[in-house]
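Trainee: Generate a structure from the sequence data that follows.
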Amino acid sequence: MTAGLASILGQTRAIEQLRGALTRGTLHHAYLFHGPDGVGKRTTARALAQAANCETAPGEGCERCEACRKIAGDLHPDIKWFPVLPEKGQTERVRELISQLGYPPNEARMRLVIFDPADELNDTAANVLLKTLEEPPARTHFVLVTARPASLLVTIRSRCQRVVFGPLPDDEVARRLGEVHGVDGAAAQDAAALAQGSLGRALELATSEEFPRRRSQVRRLLEAARTRQTTTTLTAAAEVAGNRDEAATLLEMMWIAYRDALLVSGGLAEGRVSGARLDEAMWLAHGVPASGLLRGLTALTETGVALEGNVNPQLAFEALLFDLGRSGAI
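Mentor: Numbers count the residues shown, from 1 in each chain. Below you'll find the model as predicted:
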């Protein structure tokens with residue numbers, strides 16, 4: 001079983017950057033971990049703290065020594081997590097934390113202070129932190145975690161070395177959902193495709209009680225479009241009334257179904273689509289040329305743009321389902 005920095009999946013460049021700094025003894029005093037939510041930034045901050053202080057595998061982390069176990073359990077006195085909340089007393093909390101950093105670390109070779117999410121710092125609190133970033137205490141390193149780096153003060157960003165985290169590959173997200181969280185294969189694939197590279201979002205989707213219902217609803221919408229019958233189509237579209245966010249999620253799932261069907265049509269599905277998603281894609285692609293599936297993707301994209309405006313979700317889906325049927329896209 002991998003541990004420490006080696007346990008971080010799908011972020012090779014970020015891990016190589018940090019591992020190299022540890023090996024050379026050039027760990028920067030402040031890092032800005034930025035990238036989408038749910039791709040491993042917080043996990044990497046903890047792994048970095050372990051790698052910097054591990055007793056048996058320095059520079060990597062082992063998960064077994066006392067230091068690593070304390071850090072994993074958020075019990076280490078020198079690894080300070082600062083959850084940034086948009087609260088009234090935020091500046092006072094930052095000042096209090098900074099005052100504690102004037103003393104040497106209790107146990108650690110390197111003390112780490114993690115601000116998460118750093119973009120929630122108000123300007124006053126950020127300026128208090130800035131003074132410390134300009135003159136950091138000995139053996140103290142800062143990690144600022146954010147999905148919105150542009151929301152941070154320019155002066156804060158300029159004092160930090162950037163570590164970029166990208167979206168995780170869909171197959172890696174699906175594998176992780178299955179192996180670590182016990183999510184069913186089809187649900188894991190669906191959630192991974194919807195999550196846009198975020199393991200956190202994929203887990204939230206896959207474990208939601210609404211997820212199986214949404215998959216069934218997508219099939220009903222597509223079947224209604226295929227019938228080309230007015231009453232059936234209007235009844236299916238009526239299920240989407242009233243919830244714009246729900247409509248957007250269903251639309252995204254339909255888009256993925258069409259993308260999968262296009263892969264099937266082009267003989268490119270092997271290794272990319274399997275299980276229940278493959279069955280759905282084969283059903284959707286049956287009797288529909290690639291040009292029709294492309295028209296379907298275009299219609300779905302245009303409906304997504306309309307939903308971002310003020311269009312009524314039910315009316316948008318009525319128009320979409322009729323369009324899919326008339327244009328031979330289903």
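Trainee: use CA for all of it now, contacts and neighbours both
Mentor: Will do.
Trainee: residue boundaries of the strands in the stretch 101-250 of the chain?
Mentor: Per DSSP state E, counting those that start in this stretch, the stretch 101-250 of the chain carries strands over the ranges 111-116, 140-146, 161-164.
Trainee: how about TSV for the ones you listed, with mean neighbour count and mean pLDDT added?
Mentor: Output for those, formatted as TSV (neighbours: other CA atoms under 10 Å; pLDDT from 0 to 100):
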stretch	mean neighbour count	mean pLDDT
strand 111-116	23	97
strand 140-146	23	97
strand 161-164	17	97
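Trainee: Same list, those strands, but as a markdown table with distance to Thr227 please.
Mentor: Listed next are the strands of the stretch 101-250 of the chain as a markdown table, based on distance: least, CA to CA, whole Å:
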| stretch | distance to Thr227 |
| --- | --- |
| strand 111-116 | 50 |
| strand 140-146 | 47 |
| strand 161-164 | 48 |
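Trainee: And those strands: which comes nearest Arg13?
Mentor: Proximity to Arg13 (CA to CA) singles out strand 161-164 among these, at 8.1 Å.
Trainee: so what pLDDT did the residue most central in space within the chain get?
Mentor: Centre of the chain computed as the mean C-alpha position; nearest residue by CA atoms, centre = their mean is Ser198, 2.3 Å away. Listed pLDDT for Ser198 reads 87.
Trainee: Okay, it and Leu177: tell me how far apart.
Mentor: Ser198 sits 11 Å away from Leu177, going by CA to CA, to the nearest Å.
Trainee: Figure out which of the strands of the stretch 101-250 of the chain is closest to Val218.
Mentor: Nearest to Val218, of all the strands of the stretch 101-250 of the chain, is strand 140-146, at 33.7 Å by CA to CA.
Trainee: angle of the closest one against strand 111-116?
Mentor: 20 degrees (axes from the mean of the first three to the mean of the last three CA atoms, to 10 degrees).
Trainee: quick one: strands adjacent to strand 140-146?
Mentor: Looking at strand 140-146 with DSSP bridges, its partner strands are strand 30-34 (parallel), strand 111-116 (parallel).
Trainee: Distance from the chain centre to it, please.
Mentor: In terms of CA atoms, centre = their mean, to the nearest Å, the centre of strand 140-146 is found 19 Å from the chain centre.
Trainee: what does stretch 261-275 give?
Mentor: Averaging C-alpha positions (CA atoms, centre = their mean) puts stretch 261-275 25 Å from its chain's average.
Trainee: mean confidence score for it?
Mentor: Per-residue scores along stretch 261-275 average to 86.
Trainee: Contacts for it next, please.
Mentor: Outside stretch 261-275, the residues that touch it by CA atoms under 8 Å, 6 or more residues apart in numbering are 185-186, 260, 278, 280-282, 284-285, 289-290, 293-294.
Trainee: Most neighbours among these, which one is it?
Mentor: Within the contacts of stretch 261-275, neighbour counts (other CA atoms under 10 Å) peak at Asp260, which reaches 26 neighbours.
Trainee: Would you mark the buried spots in the helix or strand containing that one?
Mentor: Element membership for Asp260, per DSSP states H and E: helix 244-265. Neighbour-count burial for helix 244-265, counted by 16 or more other CA atoms under 10 Å, picks out 244, 247-248, 250-265.
Trainee: Off-centre distance for the very next helix or strand once past that helix?
Mentor: Next helix or strand after helix 244-265 toward the C-terminus (DSSP H and E): helix 275-285. Chain-centre distance of helix 275-285: 26 Å, with CA atoms, centre = their mean.
Trainee: next structured bit after helix 275-285?
Mentor: Heading C-terminal from helix 275-285 (DSSP H and E), you reach helix 290-308.
Trainee: What are the buried residues along that following helix?
Mentor: Quick answer for helix 290-308 (16+ other CA under 10 Å): 290, 292-297, 299-300, 303-304, 307.
Trainee: just stretch 25-35 next, same as before
Mentor: 27-35.
Trainee: same deal with stretch 9-16?
Mentor: Neighbour-count burial for stretch 9-16 flags 9-11, 14-15 (criterion: 16+ other CA under 10 Å).
Trainee: Now the two most distant members of the residues you listed.
Mentor: Largest pairwise distance in those, by CA to CA, is 10.4 Å, between Leu9 and Ala14.
Trainee: Which secondary structure elements does the helix or strand of the chain with the lowest mean pLDDT sit against?
Mentor: Between all helices and strands in the chain, the lowest mean by mean pLDDT, DSSP states H and E belongs to helix 185-195, at a mean of 81. If you count contacts as 3 or more CA pairs under 8 Å, 6 or more residues apart in numbering; DSSP states H and E, helix 185-195 packs onto helix 170-181, helix 199-206, helix 244-265, helix 275-285.
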